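**Student:** I need the structure of the sequence given here:
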Amino acid sequence: MTYSLDNAALREAMSLPADERYDYFVQHAIAHNEIWSLAQGDDWAMLRADEQECLPVWPHPDMAAAWARDDWASFKPTVISLDVWLERWLPGMSDDGSGVAVMPDEHGDSVVVEADDLQQSMIAILRAKKK
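**Tutor:** Next up, the predicted model:
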């Protein structure tokens, strides 16, 4: 379920350095069981980073909505449940050679990670939480 995020908290999260935004994303995506990106029907927003097609993701719809401008103005924040993300999206993206751009800021700066690496990190945190 989407949590409340006021403008100050949104600005604070998005002003973190890229590596801290990565940690923020993982923590909040796991805590709230959802990942947000931008979609228009069946088309998902993709960006090119480090010579790789990447899906931009955020832990909150307001963060994704801030990116719905210019070429993506017709795209809407769209949720992906954590279970579906881990079981279908990340394996499929790995098979396709797609990466993940984690919480790109207004300048496009983000941590770009291989889908396999993000999946392993998230599963390790989930397993640690269950202990």
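
**Student:** Can you tell me the centre-most residue of this protein?
**Tutor:** Nearest to the mean C-alpha position of the chain, by C-alpha atoms, centre = their mean, lies Val57 at 2.0 Å.

**Student:** Can you name the residues bridging to that residue?
**Tutor:** Taking DSSP bridges as the rule, Val57 bridges to Val102.

**Student:** Hmm, Ala39 and it touching each other?
**Tutor:** No: using C-beta atoms under 8 Å, Val57 is not in contact with Ala39, being 11.7 Å away. Every C-beta, even on glycine, is put in place using the N, C-alpha and C of the backbone.

**Student:** re the thing from before, contacts only, for the residue nearest to the centre of the chain.
**Tutor:** Residues counted as contacts of Val57 (C-beta atoms under 8 Å, 6 or more residues apart in numbering) are 25, 29, 35-37, 64, 100-103.

**Student:** Please identify which of those residues is nearest to Ile125.
**Tutor:** Closest approach between those and Ile125, by C-beta to C-beta: Ala29, at 9.8 Å.

**Student:** in which helix or strand would I find the closest one?
**Tutor:** For Ala29, the host element (DSSP states H and E) is helix 18-32.
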